[in-house]
Structures are given as structure tokens and as C-alpha cells.
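A.B. asks: no sequence on this one, just coordinates:
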């Protein structure tokens, strides 16, 4: 049973790291756009990911597992790429929306992978399914925002 909860804890910690990364990425995007509705959208997405992080941490702790701190290496690369885009892009809002779409698609894949490969406790299964559904909703919203820009 110990290895089972460690396995679940490890998988949730990976999602938690990606959640921190997405939160930081959205904050960075909000700082770099001039359009007020986009700024609000990116700030709301950062807040949503902050909330996801707290939910994941609570779930990890409920299994007596350690919570990892900080962002992942791939997340640092993702944020750095976003910075470069903001500086060098002539249409940086569209570029940031494209990057947000890429990031959200990646998040959906990661959630799907964890939901599919692990026999998760029902509380974890429900939490991840709900968060994944919200990310998929965000993806539709971002795509419609991209059509407007």
C-alpha cells in the first residue's frame, strides 16, 4: 500500500509542478499584454491555477506524501520562451494566446495520462477530472479570443 500512495503522490506532484508553471506563465502573459480583456483573462487563469495547486497539495497531503516545491525545468523553458515572444514578436498578444493554447493542450494530455494509467482513489480521480474539464473549457475560450485578435 505504501508504494501505491507514493506512486499517486509522485504523479500528483508532477501535475502540481506543471500547475505552478502554468500559473507563472499566465501571470507573465498578463504583465505583457496591453489589451485589458486579455490581461483580465490571463490573470483569471493564473488565479485558477493557483487554486488548482492548493487542491492538489491538499490531496497529496491526504495521502501522507511530501509536497514538492517550485516549478519544473520545462516550465522555466516555457516561461523564458514566453518572455522572448513578448519582446520580439510584432503581434505579441496573438503569440501569447498561441503559447497558452500549446500549454493548455499539454496540460490536458498530462491530466489524461495520469487519469488513464493509475488506479486513483475516487477523490483524486474526481479532482483531476474536474480540473481537466476546466482546462479544456479554457482551451475553447483561448481559441475564441485568438479568433478575435
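C.D. replies: Great, that's in hand. What you are looking at is a predicted structure, and each value in this text was computed from that prediction instead of being measured.
A.B. asks: By mean pLDDT, flag the weakest helix or strand of the protein.
C.D. replies: In the chain, no helix or strand scores lower on mean pLDDT, DSSP states H and E than helix 73-88, which sits at a mean of 60.
A.B. asks: Show me which positions of whatever helix or strand comes next after it end up buried.
C.D. replies: From helix 73-88 onward toward the C-terminus, using DSSP states H and E, the following helix or strand is helix 92-117. Within helix 92-117, the residues scored as buried using 16 or more other Cβ atoms under 10 Å are 92-93, 95-97, 99-101, 103-104, 106-108, 110-111, 114. Bear in mind the C-beta positions are built from the backbone N, C-alpha and C, glycine included.
A.B. asks: and which of the residues you listed is nearest residue 12?
C.D. replies: residue 114 (7.7 Å; Cβ to Cβ).
A.B. asks: And that closest one, how close does it get to residue 107?
C.D. replies: 11 Å (Cβ to Cβ, to the nearest Å).
A.B. asks: Check residue 65 too.
C.D. replies: From residue 65 over to residue 107 the distance is 21 Å, taken as Cβ to Cβ.
A.B. asks: go on, residue 8?
C.D. replies: 19 Å.
A.B. asks: Could you do residue 51 as well?
C.D. replies: Distance of residue 51 to residue 107, computed by Cβ to Cβ: 14 Å.
A.B. asks: How about the lengthiest helix in the chain, which residues are buried there?
C.D. replies: Determined from DSSP state H, the single longest helix within the chain is helix 2-32. Of the residues in helix 2-32, those buried by neighbour count under the rule 16+ other Cβ under 10 Å are 7-9, 11-13, 15-30, 32.
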